[in-house]
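J.: predicted model, plus sequence, below.
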Amino acid sequence: MAKRMIIMLILVGALFGGIFGFKAFMGYMMQKGMASQGPPVQTVSAIRAAVQEWQPRLEAVGSLKALRGADLAPEVSGIVSRIHFQSGETVKAGTILLEMDARSDTAKLQSLKASLELARKTWLRDQEQFKEQAVSQATLDADLANLQSAEAQVAEQQALVDKKILRAPFDGRLGIRMVDLGQYLNPGMKIATLQTLDPIFVDFFLPQKDISRISIGHKVTVIVDAYPEQVFSGVISAIDPKVDTGTRNVGIRATIRNPEQQLLPGMFSVTHIDTGRPGRFITLPQTAIVFNPYGNIVYLVTEKGRNADGKPNLVAMQKFVKTGETRGDQIAVLEGLKEGDFVVTSGQIKLRNGTPIAINNRIQPANDPAPAPVDD
């Protein structure tokens with residue numbers, strides 16, 4: 001009985017040993033076969049590195065501001081009696097825009113003028129009597145004080161009456177009217193905005209390191225999304241003498257010609273400032289660069305022997321590069337590449353040094369230094 005049990009265990013052990021041995025052999029053969037095949041071929045797009053001429057320039061975002069702009073409001077309260085302007089109208093400095101009821105103030109002014117005339121006549125009469133020693137110097141001084149007080153009261157009341165009439169403080173275009181006839185106005189209540197639009201200012205900021213590249217009178221160009229195909233020209237008119245300690249940026253103001261009054265205060269703008277002479281740079285689509293903390297790299301397409309059909313075997317090789325300015329979809333490569341290098345532009349996430357690749361350029365990444373806005 002024991003002998004038969006031993007024989008059965010030996011047979012079972014042999015069976016399992018054969019099974020595990022066969023599995024190990026199959027795994028070894030599969031691994032050997034895969035090793036002989038090498039890594040799989042990865043499909044990528046690629047482009048030849050080209051040289052372009054770029055004008056060095058600074059770019060900043062900013063806001064437009066009127067040459068002169070104010071929200072017009074009365075200094076005194078009153079009821080609107082006349083309105084002399086329309087919304088959006090262009091007016092000259094001094095143009096009467098609005099009148100408030102001033103009948104009671106005018107009547108008081110006439111009363112004060114009558115008192116002034118009486119004080120003047122009294123003073124003149126006492127001057128003649130003083131010559132005859134008929135009145136004292138004290139009387140004459142009191143008459144003069146009364147005259148000056150009356151003149152001051154008339155001037156004060158005249159100023160109050162004048163404030164009932166609102167005039168344009170400068171040339172410009174009026175905004176939307178905010179008041180109506182018969183409306184009661186409080187001091188400071190906005191009736192309309194007035195803006196001088198030609199020329200117009202653009203305010204923006206630049207890093208402190210770029211201050212040496214600009215100066216008063218430097219030419220600038222401005223683009224706004226309202227007119228994406230139009231470029232507006234101007235010059236730098238002011239540079240803030242103080243650098244912001246929080247951002248280390250300095251404020252810049254440029255004056256832009258706006259004869260058609262297309263640019264409006266408050267618009268968002270992009271300002272370009274050309275600096276120095278044009279330079280030649282190797283440019284690539286930005287998608288070709290793999291940005292890393294330890295350095296930026298690209299993958300070059302290189303040949304490594306030929307296959308059985310006589311076609312070259314293409315592999316990807318890493319190359320560290322030094323990048324520069326970006327424009328639109330492109331980036332300048334300052335070091336690490338030469339003109340004509342074949343560079344992978346998409347699919348790098350699948351690559352490492354020596355990875356076999358196949359090129360398919362049916363879909364290429366955008367490669368335009370000045371892409372035009374596209375409406376979705």
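T.: Yep, it's here.
J.: how about the strands in the stretch 51-200 of the chain?
T.: Under the criterion DSSP state E, counting those that start in this stretch, the stretch 51-200 of the chain contains strands at 57-72, 78-83, 90-91, 96-100, 165-167, 172-174, 184-185, 192-207.
J.: in TSV: those strands, plus mean pLDDT, mean neighbour count and distance to residue 274.
T.: Where C-beta positions appear, they are placed from N, C-alpha and C, glycine not excepted. Formatted as TSV, the strands of the stretch 51-200 of the chain follow (pLDDT from 0 to 100; neighbours: other Cβ atoms under 10 Å; distance: least, Cβ to Cβ, whole Å):
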stretch	mean pLDDT	mean neighbour count	distance to residue 274
strand 57-72	91	17	5
strand 78-83	92	16	48
strand 90-91	92	17	34
strand 96-100	92	19	43
strand 165-167	92	18	43
strand 172-174	93	20	31
strand 184-185	92	16	50
strand 192-207	93	20	14
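J.: in TSV: those, plus distance to residue 292.
T.: Converted to TSV, the strands of the stretch 51-200 of the chain look like this (distance: least, Cβ to Cβ, whole Å):
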stretch	distance to residue 292
strand 57-72	25
strand 78-83	66
strand 90-91	57
strand 96-100	63
strand 165-167	64
strand 172-174	53
strand 184-185	65
strand 192-207	24
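J.: give me the neighbour count for residue 342.
T.: Other residues lying near residue 342 total 15 when counted by other Cβ atoms under 10 Å.
J.: list the contacts for it?
T.: 46-49, 300-302 (Cβ atoms under 8 Å, 6 or more residues apart in numbering).
J.: buried sites along stretch 212-229?
T.: 214, 218, 220-222, 224 (16 or more other Cβ atoms under 10 Å).
J.: report the distance from that stretch to the chain centre.
T.: With Cα atoms, centre = their mean, to the nearest Å as the basis, stretch 212-229 stands 11 Å off its chain's centre.
J.: again with stretch 243-256
T.: The answer for stretch 243-256 is 13 Å, by Cα atoms, centre = their mean.
J.: between the two ends of that stretch, what distance do you get?
T.: 24 Å (Cα to Cα, to the nearest Å).
J.: and the helices in the protein?
T.: Along the chain, counting by DSSP state H, helices occupy 2-37, 103-131, 137-162.
J.: lowest mean pLDDT across those helices, which one is that?
T.: Lowest mean pLDDT of the helices of the chain: helix 2-37, a mean of 68.
J.: against residue 271, how distant is the most centrally placed residue in the chain?
T.: Nearest to the geometric centre of the chain sits residue 61, at 2.7 Å (Cα atoms, centre = their mean). In this structure, residue 61 and residue 271 are 7 Å apart, going by Cβ to Cβ, to the nearest Å.
J.: what do these two both touch?
T.: With Cβ under 8 Å, 6+ apart as the test, residue 61 and residue 271 both reach residue 204.
J.: how about residue 40, nearest residue that isn't a chain neighbour?
T.: residue 356 (7.4 Å; Cβ to Cβ, 6 or more residues apart in numbering).
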